[in-house]
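**Student:** Return a 3D structure for these sequence lines:
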Amino acid sequence: MRLSIIVPSNRDSLGAYARIMQACSWASDTIEVVVRDNSGSPQKRAVLERIQQPNCRIIIAEPCDANTNFQEGLRASTGEFVVFLGDDDGGLDRGIAAIGRVAAQVAGDPSVAGITGAYVLEQTDTSYVVSYPKVDSNAVVDRVAGYLGYQGPNLIFYSAIRRSILTDTWDFLFSHPFALSFHDHFFSLTYLLSGRFVHVGRVAFIYDNANWETVDVGVGRDIKLYAAAGLDPAIRQLQWMLCGFEGASIILQSRFGLRHSLAERQAMANRWFEVMFRRFVGDANTRTDSRLTAEATALHEKWRQGFPNFKLESLLADICDFIRRTSPEKAEAYHDFWTGVAASAAS
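**Tutor:** Predicted structure coming up:
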């Protein structure tokens, strides 16, 4: 089997049923569909158990967190390339079929990290068709620049990714001491550092951005993730600089970046940091109601004056000092993770 479509489903709604039914219709001799439902709904279970068919597996699981549902869905699949689709996302039949055909053609080509297409981005009042330029390039600097050139939701995350690259990325990012709201960007970054993406030349995926399209809703969801990680919500004011620091560190120091020349890594890190710094400066009006709001605001003002003279070591020290105000243990864990990445690069 060359392509697996994995649907980790946790909702009991008509929309979730419709997307599951559509995904199951893609099952064939070349495309495997795995639905892993952890909604805990007996009614949904009764429906899903009746649609099992060849190359379409329905797994009824106990309620669990999203990461567990994704990981267990991956373990249950067999494809060389893997696509994840959420309850509120979907695909177009011909686009998915095209990805299945390409997966069979490029399975033996290790230069291919993923397969993508154009995306329909659904907003409350409108829709867009989005496509990433240059991600099919053999030049890694061009691939990363093409990804950064689109200033919107991280849509390329929803692509077919080679299993070995996907699991390597997961091993790395799930060892991070916190799950932060911008970490989806690093999945895409490590995939692009690992190889080129083949574009199928047509719309393949539909992404519903309703839960993130406004600042108020997006900030609220971000803060929930930071609270779940045990961090003060004021860190939301600093998140794009954290994203800049972490992405540059991945490019310059991680095993994903080190396969490329120093000149390539520096060019990509500079571009990554430039884009995230602009987001950080543009996010100056975001404020949170917490005991560390004043400290976060002061650090925001300090960092706004620093580009392009930042050093990763000084950024890490500032970030850890801020986290330490909430938890010395969490600050130490964060410091140890990134110094460990740097030490691996040095060796």
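**Student:** C-alpha only now, for contacts and for neighbours.
**Tutor:** Fine.
**Student:** for the chain, what's the longest strand?
**Tutor:** strand 196-208 (DSSP state E).
**Student:** Contacts for it next, please.
**Tutor:** 88-96, 98-99, 102, 111-123, 129, 135-138, 140, 143, 155, 158 (CA atoms under 8 Å, 6 or more residues apart in numbering).
**Student:** Point out where the stretch 151-300 of the chain drops to low pLDDT.
**Tutor:** 211-217, 284-285 (pLDDT under 70).
**Student:** For it, which segments count as strands?
**Tutor:** Taking DSSP state E, counting those that start in this stretch as the criterion, the stretch 151-300 of the chain carries its strands at 160-162, 196-208.
**Student:** Could you dump those into CSV and include mean neighbour count?
**Tutor:** As requested, the strands of the stretch 151-300 of the chain are exported to CSV (neighbours: other CA atoms under 10 Å):
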stretch, mean neighbour count
strand 160-162, 26
strand 196-208, 21
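**Student:** Let's see which of the contacts of strand 196-208 end up in strands.
**Tutor:** Filtering the contacts of strand 196-208 for strands - DSSP E - leaves 89-91, 112-122, 129.
**Student:** Among those residues, which one is most surrounded by other residues?
**Tutor:** residue 116 (31 neighbours; other CA atoms under 10 Å).
**Student:** Show the contacting residues for that residue.
**Tutor:** 99, 156, 158, 159, 160, 197, 198, 199, 200, 204.
**Student:** ok, of these, which one's closest to residue 23?
**Tutor:** For the contacts of residue 116, the minimum distance to residue 23 (CA to CA) is 12.5 Å, reached by residue 204.
**Student:** Quick one: the helices in this protein, in order.
**Tutor:** 14-25, 42-48, 66-75, 93-106, 140-148, 163-173, 184-194, 215-228, 239-253, 262-282, 293-304, 312-324, 328-346 (DSSP state H).
**Student:** Nearest to residue 5, out of the ones you listed?
**Tutor:** Here helix 14-25 is closest among the helices of the chain (CA to CA), at 7.6 Å.
**Student:** Quick one: residues in contact with that closest one.
**Tutor:** 5, 7, 9, 33, 35, 56, 87, 88, 89, 90, 91.
**Student:** can you give me the angle that helix makes with helix 93-106?
**Tutor:** 40 degrees (axes from the mean of the first three to the mean of the last three CA atoms, to 10 degrees).
**Student:** for helix 14-25, the distance to its chain's centre please.
**Tutor:** Centroid displacement of helix 14-25 relative to its chain, using CA atoms, centre = their mean, to the nearest Å, is 23 Å.
**Student:** same thing with stretch 121-131?
**Tutor:** 19 Å.
**Student:** for stretch 161-168, same thing?
**Tutor:** Distance, centroid of stretch 161-168 to centroid of chain: 13 Å (CA atoms, centre = their mean).
**Student:** Report the buried residues of it.
**Tutor:** 161, 162, 163, 165, 166 (16 or more other CA atoms under 10 Å).
**Student:** mind listing what the third one touches?
**Tutor:** Which is residue 163. Counted by CA under 8 Å, 6+ apart, residue 163 has contacts 79, 80, 81, 82.
**Student:** In CSV, list these along with distance to residue 44 and pLDDT.
**Tutor:** Formatted as CSV, those follow (distance: CA to CA, whole Å; pLDDT from 0 to 100):
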residue, distance to residue 44, pLDDT
79, 26, 96
80, 30, 97
81, 28, 98
82, 25, 97
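**Student:** which one among those gets closest to residue 321?
**Tutor:** residue 82 (39.1 Å).
**Student:** ok now do that closest one, which residues does it touch?
**Tutor:** Contacts of residue 82 by CA under 8 Å, 6+ apart are 3, 4, 5, 6, 74, 159, 160, 161, 162, 163.
**Student:** Bridged to it, which residues?
**Tutor:** residue 4, residue 161 (DSSP bridges).
**Student:** quick one: residue 335 and residue 320 touch, right?
**Tutor:** Yes - with contact defined as CA atoms under 8 Å, residue 335 reaches residue 320; the gap is 6.5 Å.
**Student:** picking that back up, how about JSON lines for the strands of the stretch 151-300 of the chain, with distance to residue 190 added?
**Tutor:** Below are these laid out as JSON lines (distance: least, CA to CA, whole Å):
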{"stretch": "strand 160-162", "distance to residue 190": "11"}
{"stretch": "strand 196-208", "distance to residue 190": "11"}
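**Student:** For residue 326, find the nearest of the ones you listed.
**Tutor:** strand 196-208 (34.6 Å).
**Student:** Let me know the angle separating the closest one from helix 140-148.
**Tutor:** 10 degrees.
**Student:** Could I have the CA atoms of stretch 292-307 written out in PDB?
**Tutor:** What follows is stretch 292-307, C-alpha atoms only, in PDB (Å, rounded to 0.1, in the frame of the first residue of the first chain):
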ATOM      1  CA  LEU A 292       3.200  38.300  34.100                       C
ATOM      2  CA  THR A 293       1.700  40.700  31.600                       C
ATOM      3  CA  ALA A 294       4.000  43.500  32.600                       C
ATOM      4  CA  GLU A 295       7.100  41.300  32.300                       C
ATOM      5  CA  ALA A 296       5.900  40.000  28.900                       C
ATOM      6  CA  THR A 297       5.300  43.500  27.700                       C
ATOM      7  CA  ALA A 298       8.700  44.600  28.800                       C
ATOM      8  CA  LEU A 299      10.400  41.700  27.000                       C
ATOM      9  CA  HIS A 300       8.300  42.400  23.900                       C
ATOM     10  CA  GLU A 301       9.600  46.000  23.900                       C
ATOM     11  CA  LYS A 302      13.200  44.800  24.400                       C
ATOM     12  CA  TRP A 303      13.100  42.300  21.600                       C
ATOM     13  CA  ARG A 304      11.400  44.700  19.200                       C
ATOM     14  CA  GLN A 305      14.700  46.700  19.200                       C
ATOM     15  CA  GLY A 306      17.000  43.800  18.600                       C
ATOM     16  CA  PHE A 307      16.600  42.500  15.000                       C
END
